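Participant: How does the following fold in three dimensions:
(chains A and B)
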Amino acid sequence: MKEGTAAEMAKKASGQTAEAQKAQAAQPETQSSEDVERRLIPIYIMGKEYRVPETITILKAFEYSGFRFIRGCGCRGGICGACATVYRTGGDYRIKVGLACQTVVEEGMYLTQIPFYPANKAEYCLEELEPTVGTLMKLYPEMTRCVSCNTCGKICPQDIKVMDYVNAAIRGDIKKAAELSFECIMCGLCASRCPAEIVQYYIGILCRRLYSRHIARPAQDLKARIQEIQEGRFGEELGRLKSLSTEELMKLYGERDMETVG
Amino acid sequence: MAYKPYMKSLIRKVEASRQQRLEDFRAGRHHARIPVDKVDEFLRQYHPDYMEGTKRAVAVGANKGDLVPNELADVLEARCLVDPAQVDLTQVHYETDVLIVGGGGAASAAALIAQEQGLKVFMATKLRIGDANTMMAEGGIQAADKPQDSPPRHYLDTMGGGHFSNDPELLEALTVDAPGSLEWLERLGVMFDKEPDGTMKVLHGGGTSRKRMHSAGDMTGAAIMRVLRDEVRNRPQDIRVVEFSPVVELVLDDTGACAGGVMLNLETGQYFLVRARATIIATGGFGRLHIQGFPTTNHYGATADGIVLAYHLGVPFRFMDASQFHPTGVIYPEQNVGLLITEKVRGAGAQLLNREGEQFVYPLEPRDVESSAILRECHERKKGIETPTGRVGVWLDSPMLEIIHGEGFVKSNFPAKHRQFTRHGIDVSKEPMLVYPTLHYQNGGVRIDTETETGIPGLFAAGEVTGGVHGRNRLMGNSLLDIVVFGRRAGRRVSEYLQAAGAGSGAAGGAAGSAAGGNGKRKLSLEHVQAYNRELEAAGIANGRTAPMILPDYRFKVG
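Facilitator: Residues are numbered from 1 along each chain as shown, chains lettered A, B, ... in the order given. Model prediction:
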């Protein structure tokens, strides 16, 4: 493949085409009348100043400033963990964090993203594992290095009690660790700040999978239904439904009895 | 952005009518449903799919002449991004048994099953594995597993929800595979909501006649996706995942079978040729095309790329004129616009109300009907609530759930959503949410059969990129089911296909075999790309656009 073309493709992939540039030029005007809260405030993206509307999220502020994401942007809805962002605000020594898609910009915010953070994930066969503290220690021995500083809990954009679930794991309380870590979106911010170099979110998912597979009881009604299906219990009825005309189906559909709502 | 004073005064009307509504609810008195024989007319009047001037007949390809949304026609009537002259088809960078295009739920399910059949898998994905609509699905996954329920009932509910347009064979496969798919997820360690004895908790969804919505909090999709991703990463010897590297064109061999694809490293701009004995498209949907300018709940990469890749090869699509608008997307605060409020909120009893605090629709109609009713209330009847930025929406009375189910219900059952509002100064266990329909799902897609075959030998497709199983309108909880059922079917089918092709049994030596026959290496071709471009030229289309789109462009915009 020729280099020149590849470079052009990258350009296209990052959207720097003439067409896209025209579209940009038209945008601010069409948007301005709609946005009633439009005061522009300065923010600093990796040290460089941009002025953005004060009500928008960090993610949209990047874009408003002219950045086009490849990394660092996923669901745009606060659940995928792709857009972990670190920032400081003027005069404050503290490092702050947030999901770019969920955090509103602040005046004088100095920010950068952490689109990737190296982390060791243990490989395992879930079926063969025992739901014990021994399993956790074997797969993630660094777990016991936790110094209970709670930096992980303070940094978590989901407000998860990260240290508590790590401590539950250390105690072997896998159920507790599973429940406490349930809302984890695996953005990696906890691991990025951990002085003990623990990758908390991998311990979390291991505990959730161990709990769900080996501790929680399997659903019996599910098994019963699978057996009925294997025995061909519903084949005839489905065959009949498949053969019905739309009118006949509509009639049946209209006559359905409904299980109580609520 | 807490509610403004004028909004708070409107909320008092919601509170004023709440007691009576609760009494009616408890007595089983519900708002009237739209009668089944009136649904069609109602949708024609109010659903965005039927608005004039929003569609056009696509000018080229297998569906030439079919009406599709303008935004989809734009990417179909676009030159192929890859210039065949710039690709050396004799230089293969990667060889594998199965190339999976995509990195969401269907792709991961297919990868796991194919790997279990002894195949080497190569996943090429545009963003990260798991950056997908699967991750964002909230409310649940359907399966008819309770004694009072059955797969035929699931079939009938889904068929009605799709207005009797669903492909009967695909739908049968969906309902029959559902319990087994759930059990598979359970065994993989997905943390479903359960009773202490292991029984899965179930709720209603729009259009269901039995409670069959299984959930993991309000993060059901995330719970599933996290586990599938973790499991894919447990098998790196057999499943290679390459991120930020979408396949931007498929390649054929000289027998006309699919033989892999051209992959683009988004960060370096380099092309790589991936030669595969079978290929599965599992790229998801098209929300980021912003059909009719609607906000969307979809993830950043939902740009219809898979439809485009298949279409370049002549694979037709179905039902692409039917878009799903989720009834309850957030419309305030501005930061949350487009964010999804799961149907589970209505499944648990929350009602939709206009600015007078009145109900105007049965809360659990199928999604297209529910969305249409909200659009009617906001625009024709002018009974919506305006936001400070000029948007309009209706109330979703979440606080009534605290009264029905007990204090703390909203926070414990919808933790993610509760948090997303708390961040902006709104406690949705005390104040209602303001919602409006949002572009949510691509009902249609690539035509497949029950074995996920596309008609091109060696090319399979699964998940949201496909069309037929949901007909013109998907029910809640059937998309997570779809990606698991058909993702698994695809993984199984590629193995059967490769065995029948007789090129050895995969991992051992198969990866070195050719696409279809196994008789040495067949010549690769991008002739279909040239043919597609020629067809565009013949149709007089020269607009400078290329496709697939890969990513949307939001630079210099506020919204």
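
Participant: Could you chop the chain up by domain?
Facilitator: Since no chain was named, I'll use chain A. A:37-116, A:126-215 (automatic domain parsing).

Participant: ah, I was thinking of chain B
Facilitator: B:5-30+B:325-439, B:79-322+B:443-524.

Participant: In CSV: these, plus mean pLDDT and mean neighbour count.
Facilitator: Glycine gets a C-beta too; all of them are placed from N, C-alpha and C. Shown next, in CSV, are these (pLDDT from 0 to 100; neighbours: other C-beta atoms under 10 Å in any protein chain shown):
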stretch, mean pLDDT, mean neighbour count
domain B:5-30+B:325-439, 93, 20
domain B:79-322+B:443-524, 94, 24
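
Participant: roughly how far out does stretch B:249-267 sit from the chain middle?
Facilitator: Centroid displacement of stretch B:249-267 relative to its chain, using C-alpha atoms, centre = their mean, to the nearest Å, is 24 Å.

Participant: Check whether it comes near chain A.
Facilitator: Yes. Using C-beta under 8 Å from any C-beta of the partner chain, stretch B:249-267 reaches chain A at B:Leu264, B:Leu266, B:Glu267.

Participant: with those residues in mind, which one is nearest to B:Gly445?
Facilitator: Nearest to B:Gly445 among these is B:Leu264, at 22.3 Å by C-beta to C-beta.

Participant: my guess is the closest one contacts B:Phe244, does it?
Facilitator: No. In this structure B:Leu264 lies outside contact range of B:Phe244 using C-beta atoms under 8 Å: 9.3 Å.

Participant: For B:Gln117, see how far away B:Val98 is.
Facilitator: 9 Å (C-beta to C-beta, to the nearest Å).

Participant: Identify the contacts common to those two.
Facilitator: The contact sets of B:Val98 and B:Gln117 overlap at B:Val494 (C-beta atoms under 8 Å, 6 or more residues apart in numbering or on different chains).

Participant: helix or strand right after the least confident helix or strand in chain A by mean pLDDT?
Facilitator: Least confident helix or strand of chain A, by mean pLDDT, DSSP states H and E, is helix A:18-32 with a mean of 34. Per DSSP states H and E, helix A:18-32 leads on to strand A:40-45 as the next helix or strand towards the C-terminus.

Participant: what about the next helix or strand after that next one and chain B, touching?
Facilitator: Downstream of strand A:40-45, the first helix or strand assigned by DSSP H and E is strand A:48-53. Yes. With C-beta under 8 Å from any C-beta as the criterion, chain B is reached by strand A:48-53 at A:Pro53.

Participant: for strand A:48-53, what is the average pLDDT?
Facilitator: For strand A:48-53, the mean per-residue pLDDT is 95.

Participant: do stretch B:31-48 as well
Facilitator: 94.

Participant: Quick one: distance of that stretch to the chain centre.
Facilitator: Relative to the chain's own centre, stretch B:31-48 is displaced by 24 Å; criterion: C-alpha atoms, centre = their mean.

Participant: now stretch B:523-533
Facilitator: 29 Å.
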